[in-house]
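**Student:** kindly return the folded structure for what I paste below:
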Amino acid sequence: MLINLGCSYEKLQYGINSKIYWNTEKEPHCMVSGVTGGGKTVLSQIIVNSILKNLKKSCGYSIEDICICDYKAGGDWDNIVPNYAEYTACDELLNEFYESFVEAIRQRQRKEKYLIFDEFSSYALSKDTKGFKDLMAKISHLAYMSRSFGYHLLFISQQFSSKVIDTAIRDQFAVKIYMGSTSFLTSFPVMR
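**Tutor:** This next block holds a predicted model:
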């Protein structure tokens with residue numbers, strides 16, 4: 001499935017509309033990160049809207065094929081899809097998505113399913129040692145094997161350090177988008 005991510009800025013300067021796509025067949029997973037207020041959630045909502053439009057056009061797929069976990073529970077994702085969870089309820093929805101994936105493997109059945117997880121890093125860091133290991137086992141399994149079965153991950157967070165998600169797992173997210181800008185402090189010589 002081709003998901004519209006927007007347009008190339010360079011092309012827009014010259015009046016040429018050159019769209020940028022996320023091809024979920026080739027790059028099954030996407031990460032959106034960046035500074036607070038940098039537009040992560042807005043971009044992710046645009047991506048979800050594109051997914052919904054594509055699912056509507058595809059036979060056999062429906063709005064139930066999208067699961068949204070909103071760990072920050074800020075109201076940004078309310079009433080978009082029925083498979084929605086906030087804060088601690090994210091555990092249950094993540095487990096349902098994962099069990100659906102395991103069942104797809106058992107049945108050798110390809111589906112087109114998406115897990116959108118807003119503030120994944122905060123969620124992961126909220127886990128105790130055992131809970132974190134269990135979470136990483138599921139995410140690793142999904143990241144490495146889910147493309148063959150049509151399962152896709154869209155994770156949103158301010159940052160995805162190795163404390164949050166192992167580098168090998170993070171490398172399975174072929175599409176990485178950084179929103180916003182950072183300021184760098186410059187050291188100036190001390191005036192005497």
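**Student:** off-centre distance for stretch 32-41?
**Tutor:** On the basis of CA atoms, centre = their mean, to the nearest Å, stretch 32-41 sits 12 Å off its chain's mean C-alpha point.
**Student:** buried residues, it. List them.
**Tutor:** Judged by neighbour count (16 or more other CB atoms under 10 Å), stretch 32-41 contains these buried residues: V32, S33, G34, G38, K40, T41. (C-beta placed from N, C-alpha, C; glycine too.)
**Student:** those: which two are farthest apart?
**Tutor:** Greatest spacing in the buried residues of stretch 32-41, by CB to CB: S33 and T41 (11.7 Å).
**Student:** joint contacts of these two?
**Tutor:** Common neighbours of S33 and T41 (criterion: CB atoms under 8 Å, 6 or more residues apart in numbering): I156.
**Student:** skip ahead from the helix or strand of the chain with the lowest mean pLDDT and say which helix or strand is next.
**Tutor:** Sorting the helices and strands of the chain by mean pLDDT, DSSP states H and E puts helix 9-13 at the bottom, at a mean of 59. Going down the chain from helix 9-13, the next helix or strand is strand 19-23, by DSSP states H and E.
**Student:** could I get that next one in CSV with only the CA atoms?
**Tutor:** The C-alpha coordinates for strand 19-23 follow below in CSV (Å, rounded to 0.1, in the frame of the first residue of the first chain):
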residue,chain,number,x,y,z
LYS,A,19,4.4,13.5,-3.5
ILE,A,20,6.4,11.4,-1.0
TYR,A,21,5.1,8.0,-0.2
TRP,A,22,5.6,5.3,2.4
ASN,A,23,5.4,2.0,0.5
